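Student: sequence plus the predicted model coming up.
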Amino acid sequence: MSTIRGPRVTIYPDAHAAARDVARRMANALQDNPAVVFGLATGRTPVALYAELARLTTTRHLDWSGATTFNLDEFVGVGPDDPGSYRRFMQEHLFRHTNLEPGRINFLVGTADPDEECRRYERAIAQAGGLDMQILGIGTNGHIGFNEPAPGLESRTHRVKLTIETRRSNADLFGGKLDRVPTEALSMGMATILQARSLILLAHGKSKAQCIAELINGPVTTALPATFLQLHPHVDLILDTAAASALRA
Ligand code: PGA
């Protein structure tokens, strides 16, 4: 048995080349449609992507003024100006290098009433006409956004308890102190993500290889949320050789 049309896989010799490819795809999408709606991700993986996108913004004179962005997730209890917030991460790595309109930058607010905030975000995505291109990373446990492995997955934007593994990998944002990393987050749900018209997952390094192999060849399972990407018709996986190293030849 095999999938008729699984994710398209592109493999580069190194992580920077992979990030450059995704930056080019985003720049092209913006030039093709100045009103594009991007879904964005944080983490170590997209740092090189946003650096390249900032460079292309200058060299290609990219005009972001009509574009809209929605980020995947934010920590509960962490305000937008907090140095550990994903909002600050995005400001630093991408937003300040562009002419994005502040009113078109959409973010989950970690200090808002969680349930109302999740509903507000879903309404905002719908009002923007949905996500054209969602950028994703993948956790070493197979999470996307903060959709952690669980017996069941939430479909819509929701409040989530973070696994210890995920909190550890975010400790750098909080001065390396695990006890300062929030225990909960707000995250787009699986259906929110899968409703994006196209998805690009960027991954590098050996620690992601097993999850990437399962994403492509394994059964769809809530134990590895990224396997749900098999159900979407327009997914690109952009990998370096280390992240692709567990794939069957
Ligand atoms: P990373 O995180 O890019 O820091 O590895 C990816 C993720 O958890 O989605």
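Tutor: Right, received. Where do you want to start?

Student: so does stretch 177-189 get close to the ligand?
Tutor: No: using Cβ under 6 Å from any ligand atom, stretch 177-189 never reaches the ligand; the gap is at least 10.4 Å. The way it works is simple: take the backbone N, C-alpha and C, and place the C-beta from them, glycine included.

Student: buried residues, that stretch. List them.
Tutor: Across stretch 177-189, burial judged by 16 or more other Cβ atoms under 10 Å covers 181, 182, 185, 186, 187, 188, 189.

Student: then stretch 96-112?
Tutor: Across stretch 96-112, burial judged by 16+ other Cβ under 10 Å covers 97, 98, 100, 104, 105, 106, 107, 108, 109, 110, 112.

Student: which of the residues you listed lies closest to the ligand?
Tutor: Nearest to the ligand among the buried residues of stretch 96-112, counting by Cβ to the nearest ligand atom, is residue 108 at 15.3 Å.

Student: is that closest one located within a helix, as I assumed?
Tutor: No: if the criterion is DSSP: H, G, I helix; E, B strand; the rest coil, then residue 108 is coil and not within a helix.

Student: and it, how far is that from residue 70?
Tutor: For residue 108, the distance to residue 70 equals 9 Å [Cβ to Cβ, to the nearest Å].

Student: need the overlap of contacts for the two.
Tutor: Shared contacts of residue 108 and residue 70 (Cβ atoms under 8 Å, 6 or more residues apart in numbering): residue 121.

Student: and the strands in this structure?
Tutor: Along the chain, the segments classed as strands by DSSP state E run 8-12, 37-40, 68-71, 73-75, 105-106, 133-136, 158-161, 184-187, 198-203, 235-240.

Student: turn those into TSV, columns for distance to residue 119 and mean pLDDT.
Tutor: Converted to TSV, these look like this (distance: least, Cβ to Cβ, whole Å; pLDDT from 0 to 100):
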stretch	distance to residue 119	mean pLDDT
strand 8-12	34	97
strand 37-40	18	98
strand 68-71	14	99
strand 73-75	15	98
strand 105-106	14	98
strand 133-136	20	98
strand 158-161	10	96
strand 184-187	11	98
strand 198-203	23	98
strand 235-240	27	98
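
Student: quick revisit: okay, the buried residues of stretch 96-112 in CSV with distance to the ligand next?
Tutor: Formatted as CSV, the buried residues of stretch 96-112 follow (distance: Cβ to the nearest ligand atom, whole Å):
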residue, distance to the ligand
97, 19
98, 21
100, 22
104, 24
105, 20
106, 19
107, 17
108, 15
109, 20
110, 17
112, 23
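
Student: output the strands of the chain as a markdown table; include the columns distance to residue 93.
Tutor: Listed next are those as a markdown table, based on distance: least, Cβ to Cβ, whole Å:
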| stretch | distance to residue 93 |
| --- | --- |
| strand 8-12 | 21 |
| strand 37-40 | 10 |
| strand 68-71 | 12 |
| strand 73-75 | 15 |
| strand 105-106 | 13 |
| strand 133-136 | 12 |
| strand 158-161 | 23 |
| strand 184-187 | 19 |
| strand 198-203 | 14 |
| strand 235-240 | 18 |
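
Student: out of those strands, which is closest to residue 89?
Tutor: Closest approach to residue 89 among the strands of the chain is made by strand 68-71 (9.1 Å; Cβ to Cβ).

Student: and of the buried residues of stretch 177-189, the nearest to residue 161?
Tutor: Nearest to residue 161 among the buried residues of stretch 177-189: residue 185, at 8.4 Å, using Cβ to Cβ.

Student: hang on, isn't the closest one packed against residue 71?
Tutor: No: counting by Cβ atoms under 8 Å, residue 185 does not reach residue 71; the two are 11.4 Å apart.
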